[in-house]
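K.L.:
Pasting the sequence and the predicted model now:
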Amino acid sequence: MKKFKILLVFILIAGLFAQTADAKRYRRKAKKKTTVKVEKGYTVPTAKATAFKGVKTVLPLADYKDYLTDKSYSDNMQKIKDNAFVIGEKENPRTLYPSYCGTTLFSYGIRYHKAPERVWVYTSKGKLLRIEIDNNSSAEVFPRTSLTYNSKGTLSNVTFYVSKSNQYNFDGKGNLIIHWVGTKAYSRSGKLMKITRTIE
């Protein structure tokens, strides 16, 4: 009987140690699962400071007066109609970016190969609508900033691309319009908005 009691105590102590070891192992595993490596990112103020650094809020007229109307309007309309968006003319190579509302041409952009950081966006009648300026013409470089000026040369929008899935959109005065993180959108106050997007 005495041996039986000693054996029972031994089994209980062994079981307690095993449970403690299992618990420690479980905690270690759980810790590994919940530990996420967070890369250094941007806050709204630091994204704004970076995006607006050295940015002109108004473009001098001399920077865009030659582009107030599309001088190759007829040719560009024909190319768009023919679905020939890359034009390799020696004097004026360019790429066209048409935008449609249904089947009706709403506007179109022109990126001249000699200055690929700028896209000139025109109405369907060939009048300047806006100017888009990217500080890097490659869409795969991050971080980068894209500026939009209206037809009067006033800054209207600044987009700061942290990565392909993370962008801050500001108005021309530096107010956050929207912050995209993946497919989700956040407002100026950091609240999740009821809109989503698709990332290719």
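P.N.:
Sure thing, it's come through. Numbering: from 1, shown residues only.

K.L.:
can you count the residues close to residue 176?
P.N.:
18 (other C-beta atoms under 10 Å). (Glycine included, C-beta is placed from N, CA and C.)

K.L.:
Spatially central, which residue of the protein would that be?
P.N.:
Residue closest to the average C-alpha location in the chain (C-alpha atoms, centre = their mean): residue 167, at 3.5 Å.

K.L.:
Wasn't that residue part of a strand?
P.N.:
Yes: assignment of residue 167 by DSSP: H, G, I helix; E, B strand; the rest coil places it within a strand.

K.L.:
Burial check on residue 106, number of neighbours?
P.N.:
Neighbours of residue 106 (other C-beta under 10 Å): 12.

K.L.:
thought the residue nearest to the centre of the chain was touching residue 180?
P.N.:
Yes: between residue 167 and residue 180 there is a contact under C-beta atoms under 8 Å: 4.6 Å.

K.L.:
about what we covered before: show me what contacts the residue nearest to the centre of the chain?
P.N.:
Taking C-beta atoms under 8 Å, 6 or more residues apart in numbering, we find residue 167 in contact with 159, 160, 161, 179, 180.

K.L.:
again, 10 Å this time
P.N.:
Counting by C-beta atoms under 10 Å, 6 or more residues apart in numbering, residue 167 touches 47, 142-143, 146, 159-161, 178-181, 185, 197.

K.L.:
could those be laid out in TSV, adding neighbour count and pLDDT?
P.N.:
Output for these, formatted as TSV (neighbours: other C-beta atoms under 10 Å; pLDDT from 0 to 100):
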residue	neighbour count	pLDDT
47	22	96
142	14	91
143	17	92
146	20	95
159	19	96
160	23	96
161	21	94
178	16	96
179	22	96
180	21	96
181	15	95
185	19	95
197	12	92
